[in-house]
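K.L.:
One predicted model, sequence on top.
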Amino acid sequence: MKKTFFCFLFLLGVMVQAQAQFALGLKAGISSSSVDIKNASSNTAQFKDEDNITGFHAGAFARVQLGGFFVQPEGVFSASGGKVEIQEAVSGDKKVEEMGFSHLDVPVLVGYNFLKVARLYAGPVASILVSSDFGDEKIDQYFDSADWGYQVGAGLDISRLTLDVRYERLTRTYADDAANKFDVAGKQIIFSLGYKLIGN
């Protein structure tokens with residue numbers, strides 16, 4: 001993560017020296033997210049992806065633009081997750097529980113402008129876990145504190161307003177003290193509305 005951060009600072013400095021345009025703004029929105037549990041090593045239960053939940057996010061973004069290209073780092077607090085069906089291996093009983101995550105996401109997106117108002121972009125996202133729960137149980141201590149994923153999306157700029165839709169994929173690994181271990185693949189469709197405080 002540190003190497004990527006310094007590479008971004010270097011690229012940002014080059015673009016600023018080249019008299020690039022700069023914008024700074026705030027953003028917020030909602031998401032439809034789900035989780036898919038894979039590679040489970042537990043013998044006590046089986047997991048099945050059940051349904052999406054609605055999440056939210058809010059944060060800030062910067063954009064450095066040179067010609068038709070731009071780099072856009074963000075800092076966004078997000079809530080996401082999904083519903084999971086659990087089937088006990090012995091009894092066969094089934095129940096649906098919600099797995100939720102609160103996290104600070106730091107995407108660094110590289111994109112291209114076209115038609116004067118439209119944007120396409122993609123890039124990595126670092127996700128710092130703040131808290132997590134599964135039903136009534138807190139489980140954030142069983143995940144790594146940070147994970148990597150990616151985002152890809154499109155947006156429109158209408159004066160100072162920004163409209164965005166993007167897809168995010170990120171996998172976290174769960175490992176508890178009872179030797180239960182599985183991967184949680186999180187998927188989100190994210191809708192955002194933003195406003196540029198500085199720049200156009």
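P.N.:
Perfect, thanks for sending it.
K.L.:
Excluding chain neighbours, what is closest to Gly68?
P.N.:
Closest residue in space to Gly68, ignoring its immediate chain neighbours: Asn113 at 5.0 Å, by Cβ to Cβ, 6 or more residues apart in numbering. Glycine gets a C-beta too; all of them are placed from N, C-alpha and C.
K.L.:
what bits of this structure have low per-residue confidence?
P.N.:
Within the chain, the segments meeting pLDDT under 70 span 1-19, 42-46, 48-50, 89-90.
K.L.:
just to revisit the earlier point, okay, and the residue nearest to Gly68 sits in which element?
P.N.:
strand 94-114 (DSSP states H and E).
K.L.:
Run through the neighbouring helices and strands of the helix or strand following that strand.
P.N.:
For strand 94-114, the following helix or strand on the C-terminal side (DSSP H and E) is strand 118-134. Contacts defined by 3 or more Cβ pairs under 8 Å, 6 or more residues apart in numbering; DSSP states H and E place strand 118-134 against strand 69-88, strand 94-114, strand 146-158, strand 161-175.
K.L.:
Tell me the buried residues in the shortest one?
P.N.:
To tie it back to what came earlier, the one meant is strand 146-158. Buried positions in strand 146-158, judged by neighbour count with 16 or more other Cβ atoms under 10 Å: 147, 149, 151, 153, 155, 157.
K.L.:
May I have it as CSV, with CA atoms only?
P.N.:
Extracted C-alpha coordinates of strand 146-158, given in CSV (Å, rounded to 0.1, in the frame of the first residue of the first chain):
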residue,chain,number,x,y,z
ALA,A,146,-7.3,-3.9,5.4
ASP,A,147,-7.9,-5.6,2.0
TRP,A,148,-7.6,-4.7,-1.7
GLY,A,149,-10.2,-4.8,-4.4
TYR,A,150,-11.1,-2.9,-7.6
GLN,A,151,-13.7,-0.6,-9.0
VAL,A,152,-14.8,0.2,-12.5
GLY,A,153,-17.5,2.7,-13.5
ALA,A,154,-18.8,5.6,-15.5
GLY,A,155,-19.9,9.1,-14.6
LEU,A,156,-21.3,12.4,-15.8
ASP,A,157,-20.3,16.0,-14.9
ILE,A,158,-23.0,18.6,-15.2
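K.L.:
how near is Arg172 to Tyr112?
P.N.:
Going from Arg172 to Tyr112 by Cβ to Cβ, to the nearest Å gives 31 Å.
K.L.:
Which one's more surrounded, those two?
P.N.:
Ranked by neighbour count (other Cβ atoms under 10 Å), Arg172 and Tyr112 place Arg172 first, with 21 against 12.
K.L.:
Could you list which residues are in contact with the more buried one?
P.N.:
Applying Cβ atoms under 8 Å, 6 or more residues apart in numbering to Arg172 gives the contacts 101, 129, 143-144, 147, 183-184, 186.
K.L.:
give me that answer again for 7 Å
P.N.:
Arg172 is in contact with 143-144, 147, 184, 186, counting by Cβ atoms under 7 Å, 6 or more residues apart in numbering.
K.L.:
so which pair among those residues is furthest apart in space?
P.N.:
Asp144 and Gly186 (13.3 Å; Cβ to Cβ).
K.L.:
which one of those two has more residues nearby?
P.N.:
Ranked by neighbour count (other Cβ under 10 Å), Asp144 and Gly186 place Gly186 first, with 22 against 12.
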